[in-house]
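What would the 3D arrangement of this be:
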Amino acid sequence: MVLNLVNASLGSGVLSLPWAAAGSSLLVAAGVTLLVLLLNGVTNVILVAAAERQQIFDLGGLMGRLPGKWARLLRWAFDVSIWCSVGLSLLGYFVVVADAFDPLAEFVGFPPALKKETSVLAGSMLVIPLCLMDPKYLVFSSSLSVAANVYLVLLITTLFASQSNQPSRHSFCWLGTGPGIITMGSALMQSMIFQMCAVPMYEMLEDRSIRRFSICLTVSFCFVFLLFTMLCLMGLSLYGTGVSSNILNNLPPDGSGDLARLGVGLSVIAIYPIYLESMVAPLRHAEERAWRHHQPLTLPSPRDSSTFDDAIPLSTNH
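This is a model prediction of the structure:
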């Protein structure tokens, strides 16, 4: 669970963090990171507590249990918004995959006109089996994703250390304010908003409890804070305020840089099934509910679905 939570925080927005920090100052960027982590942590715990109380493990389903006549409308509004926003994000992930796999496609010898298509096809072939796996078995892919991001930070740190004897050509602001704070917050939110994934992930937690999930979330967010802060610090120390909005573009065009790009591409692939589960969970729960009550699957669900016996779903770990 800790690895999957860390992995869910490593969206494509991570690559823009040094650039965003350059516009807001390093210490302010660290403060914004801490604030966003705290906000997301509290929100996730509230949602998990509500899911445990209601025994409903998707965000739309929780909205459907709100009091008032608008509950059913809110349920479908949230489901549609998740399908649209997460679906577009997952589509955008393949843009990252296409760019990250370019060196590999070039090494294999594919024609330049087919490199993008080949990279997307290779990414799709890797994503499909991961999406068919139970989320609790994604620890291997999540471990690779975390390792790829750690390698990126270590590579930038090594490049900076190798130039430490040279006169510094780059500078950045340690403490200051400006409109870059909004950009920093936006980049962090793009990377870290996974509340729609937290509830389905909690459903799969072995011996689940709110306390157990909170501990996992705290450990993962502490690691994410250190990783993000080090990425911003070393990225600004090495490239200064001229750092690219995609830090992969600043990496050297050699084997070490290509390995980092390939690792980020694999990291995005590892994140894919975690976010896809937030889209699938409402449909899976509707199917389980229909099976439990010996009724045909109906979408949208019947108006009296709130009166169904939603005690314990089929996928419970209790």
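
So which bits of the helix or strand hosting residue 89 are buried?
Under DSSP states H and E, the secondary-structure element containing residue 89 is helix 71-100. Going by neighbour count (16 or more other CB atoms under 10 Å), the buried part of helix 71-100 is 72, 74-76, 78-79, 82-83, 86, 89-90, 93-94, 96-100. Quick note: C-beta positions are derived from backbone N, CA and C, even for glycine.

Ok, stretch 117-135 next?
Going by neighbour count (16+ other CB under 10 Å), the buried part of stretch 117-135 is 118, 119, 122, 123, 126, 127, 130, 135.

Read off the pLDDT value for the last one.
If I follow you right, that is residue 135. At residue 135 the predicted local confidence, pLDDT, stands at 69.

try the second one
The pLDDT attached to residue 119 in the predicted structure is 77.

how much space between it and residue 99?
Per CB to CB, to the nearest Å, residue 119 is found 8 Å from residue 99.

between those two, what contacts are shared?
When CB atoms under 8 Å, 6 or more residues apart in numbering defines a contact, the residues bordering residue 119 and residue 99 alike are residue 265.

relative orientation of the helix or strand where residue 263 lies and helix 71-100 in degrees?
When secondary structure is defined by DSSP H and E, residue 263 falls within helix 255-292. Interaxial angle, helix 255-292 versus helix 71-100 (axes from the mean of the first three to the mean of the last three CA atoms, to 10 degrees): 150 degrees.

on contacts alone, who are the packing partners of helix 255-292?
Using 3 or more CB pairs under 8 Å, 6 or more residues apart in numbering; DSSP states H and E as the contact test, the elements touching helix 255-292 are helix 2-8, helix 59-63, helix 71-100, helix 102-108, helix 115-131, helix 139-162, helix 195-203.

Between those, which one is closest to residue 184.
Each of the helices and strands packed on helix 255-292 has some distance to residue 184 by CB to CB; the shortest is helix 139-162, at 17.7 Å.

For stretch 253-264, list every residue counted as buried.
257, 258, 259, 260, 261, 262, 263, 264.

need those residues in TSV with pLDDT and distance to residue 154, can you?
Converted to TSV, the buried residues of stretch 253-264 look like this (pLDDT from 0 to 100; distance: CB to CB, whole Å):
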residue	pLDDT	distance to residue 154
257	82	13
258	81	15
259	86	11
260	85	9
261	83	15
262	82	15
263	83	11
264	83	14
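
what bits of the stretch 1-150 of the chain have low per-residue confidence?
Counting by pLDDT under 70, the stretch 1-150 of the chain shows low-confidence ranges at 105-114, 135-136.

ok, now the stretch 201-318 of the chain?
By pLDDT under 70, the weakly predicted segments of the stretch 201-318 of the chain are 297-318.

if we go to 50?
The stretch 201-318 of the chain contains residues with pLDDT under 50 at 302-318.

Just give me the neighbour total for residue 249.
By the criterion of other CB atoms under 10 Å, residue 249 has 12 neighbours.

Using the three-state scheme, assign residue 10.
When the structure is split into helix, strand and coil by DSSP: H, G, I helix; E, B strand; the rest coil, residue 10 lands in coil.

Next, count neighbours for it.
With other CB under 10 Å as criterion, residue 10 counts 24.

Return the residues in contact with residue 86.
Taking CB under 8 Å, 6+ apart, we find residue 86 in contact with 196, 275, 276, 278, 279.

Report the two of those residues separated the most.
With distances taken as CB to CB, the most widely separated pair in the contacts of residue 86 is 196 and 276, at 11.0 Å.

Spatially nearest residue to residue 210 (excluding sequence neighbours)?
In space, not counting the residues next to it along the chain, residue 210 is nearest to residue 49; the distance is 5.3 Å by CB to CB, 6 or more residues apart in numbering.

repeat for residue 244
With sequence-adjacent residues excluded and distances taken as CB to CB, 6+ apart, residue 244 is closest to residue 250, at 5.1 Å.

how near is that neighbour to residue 61?
From residue 250 over to residue 61 the distance is 43 Å, taken as CB to CB.

name the helices or strands packed onto the helix or strand where residue 216 lies?
Per DSSP H and E, residue 216 falls inside helix 210-239. Counting contacts by 3+ CB pairs under 8 Å, 6+ apart, the secondary-structure elements packed against helix 210-239 are helix 2-8, helix 17-22, helix 26-54, helix 139-162.

and those, which is most packed in?
Mean neighbour counts were compared across the helices and strands packed on helix 210-239 using mean count of other CB atoms under 10 Å; the top stretch is helix 17-22, at a mean of 26.

What lies in contact with it?
Contacts of helix 17-22 from elsewhere in the structure, counted by CB under 8 Å, 6+ apart, are 29, 172-173, 180, 183-184, 186-188, 191, 228, 231-232, 235-236, 239-241, 243-247.

Now the buried members of those residues.
Among the contacts of helix 17-22, those scoring as buried are 29, 172-173, 180, 183-184, 187-188, 191, 228, 231-232, 235-236, 239, 243, 246-247 (criterion: 16+ other CB under 10 Å).
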